[in-house]
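> What follows is a predicted protein model with its sequence.
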Amino acid sequence: MSFVLVQVIVGGLLLGAVYALFSSGLTLVWGMMNIVNFAHGDFVMLGMYVAYVVYTLMGGGPLLGAPLATLVLATLGIVVYFGLIRGIMKGPMLAQILGTFGLALLLRYSVFWWFGANFLSMPPNIVGGTYAFAGLRIEASRLLAGVVALLVTLGLHLLLTRTSLGSKMLAVAEDQTAAQLMGIRPDTMQAIAWAIAAGATGLAGALIANFFYIVPTVGETLGIVAFVTVSLGGFGSVPGALVAGLLIGVIESLSGYLIGAIYKDIVVYVLFLFFLWFRPQGLMGKM
């Protein structure tokens, strides 16, 4: 196997870790409330713009932009839950779909109005140069994004499975009435879930803003990636989102290198549909 091919695979794994990070928020919300957030990709887009604003106004890199994007989006997640989601949860599925889709349009066109439709980007050396290791050359920005995303996604899984807070959130996901009888407040747990999910998108957006184009419509692309990742991994499974994100990242990179960048999305979606034909619940989902 050539060094070039190995480098392509490593790059795909690093990108896939970021896919897994912002997809884990989508699967968390679905697992807790059975709500599909069509504004999820636009949350990532907002995280990218927060990082851009931090750089242009304060000259700060990802060490400042990433925590601020996480905080801003987590706050937005709480506001969205109490202002929109808590109400539409009582209605039919169509109300949930149209509500989150309308939120996506509101966020997207608000950014259009404020920043315009021009493509923006961060300086290529904002994180550092390129690292050479064992014949491989990896951009510092991609390495930082991949490693941080992987660690945060694993941390989110541990939070849900090894902590008291995670147990309470899973209890609410299983049976809200029983959780209330045990003294757990479903509203609080669901608001925390939205804060965590939105915060994860903010962090992911701030990380990929260092090497990805920034434009109001980028949320559409990233939203589709998130839905494919969650569906492939299994709705409600954070480990499934992690494995699926890594797979999609590698498949994208390999198909872009071997076939052509213009065909990489086609390859991913064809393989995704082929897999779901035989296993519709995803890699780690339950029937």
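Yes, it's here.
> Any regions of the stretch 1-150 of the chain where pLDDT drops low?
For the stretch 1-150 of the chain, the stretches with pLDDT under 70 are 1, 134.
> just the strands in the stretch 151-287 of the chain please.
With strands called from DSSP state E, counting those that start in this stretch, the stretch 151-287 of the chain shows none.
> where exactly do the helices run in it?
Secondary structure of the stretch 151-287 of the chain by DSSP state H, counting those that start in this stretch: the helices cover 164-174, 176-181, 186-208, 218-233, 238-258, 264-278.
> and those as CSV, adding mean neighbour count, distance to L151 and mean pLDDT?
No exception for glycine: its C-beta is placed from N, CA and C like everyone else's. Shown next, in CSV, are these (neighbours: other CB atoms under 10 Å; distance: least, CB to CB, whole Å; pLDDT from 0 to 100):
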stretch, mean neighbour count, distance to L151, mean pLDDT
helix 164-174, 16, 17, 89
helix 176-181, 13, 30, 86
helix 186-208, 26, 11, 94
helix 218-233, 23, 18, 90
helix 238-258, 22, 11, 90
helix 264-278, 14, 25, 86
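> Relative to L150, which of the ones you listed is closest?
Counting by CB to CB, L150 lies closest to helix 238-258 out of the helices of the stretch 151-287 of the chain; the figure is 7.8 Å.
> For L73, the count of nearby residues, please.
Neighbours of L73 under the rule other CB atoms under 10 Å: 27.
> Would you mind measuring from it to P92?
Going from L73 to P92 by CB to CB, to the nearest Å gives 28 Å.
> now swap in L98 and tell me
L98 is 10 Å from P92, where distance means CB to CB.
> between these two, which one's more packed in?
Ranked by neighbour count (other CB under 10 Å), L98 and P92 place L98 first, with 14 against 9.
> need the next SSE after the helix or strand hosting A74, C-terminal direction.
Using DSSP states H and E, A74 sits in helix 62-80. Per DSSP H and E, the first helix or strand lying C-terminal to helix 62-80 is helix 86-88.
> what residues does that following helix touch?
A95, Q96, G99, D187, Q190 (CB atoms under 8 Å, 6 or more residues apart in numbering).
> do stretch 103-112 as well
Counting by CB under 8 Å, 6+ apart, 38-39, 41-43, 45-46, 49, 80, 84, 216-217, 219, 223 sit against stretch 103-112.
> before we move on, what about stretch 31-38?
Against stretch 31-38 from outside (CB under 8 Å, 6+ apart): 26, 29-30, 43, 85, 89, 96-97, 100-101, 103-104, 169, 172-173, 189-190, 193, 197, 223, 227, 235-237.
> cool, stretch 53-71 as well?
Under CB under 8 Å, 6+ apart, the answer for stretch 53-71 is 46-48, 50-52, 122-123, 126-127, 141, 144, 148, 199-200, 202-203, 205-207, 209-210.
> Dump it to PDB, restricted to CA.
Output of stretch 53-71 as PDB, limited to C-alpha atoms (Å, rounded to 0.1, in the frame of the first residue of the first chain):
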ATOM      1  CA  VAL A  53     -16.200  36.100  13.900                       C
ATOM      2  CA  VAL A  54     -13.900  35.200  16.800                       C
ATOM      3  CA  TYR A  55     -10.900  35.300  14.400                       C
ATOM      4  CA  THR A  56     -11.900  38.500  12.600                       C
ATOM      5  CA  LEU A  57     -12.800  40.500  15.700                       C
ATOM      6  CA  MET A  58     -10.400  39.100  18.300                       C
ATOM      7  CA  GLY A  59      -7.700  37.400  16.200                       C
ATOM      8  CA  GLY A  60      -8.300  34.200  18.100                       C
ATOM      9  CA  GLY A  61      -7.700  30.800  16.800                       C
ATOM     10  CA  PRO A  62      -9.500  27.500  17.600                       C
ATOM     11  CA  LEU A  63      -8.300  27.600  21.200                       C
ATOM     12  CA  LEU A  64     -10.700  30.500  21.700                       C
ATOM     13  CA  GLY A  65     -13.100  30.000  18.900                       C
ATOM     14  CA  ALA A  66     -14.000  26.400  19.600                       C
ATOM     15  CA  PRO A  67     -15.000  26.900  23.300                       C
ATOM     16  CA  LEU A  68     -17.000  30.000  22.400                       C
ATOM     17  CA  ALA A  69     -18.800  28.200  19.600                       C
ATOM     18  CA  THR A  70     -19.600  25.400  21.900                       C
ATOM     19  CA  LEU A  71     -21.000  27.700  24.500                       C
END
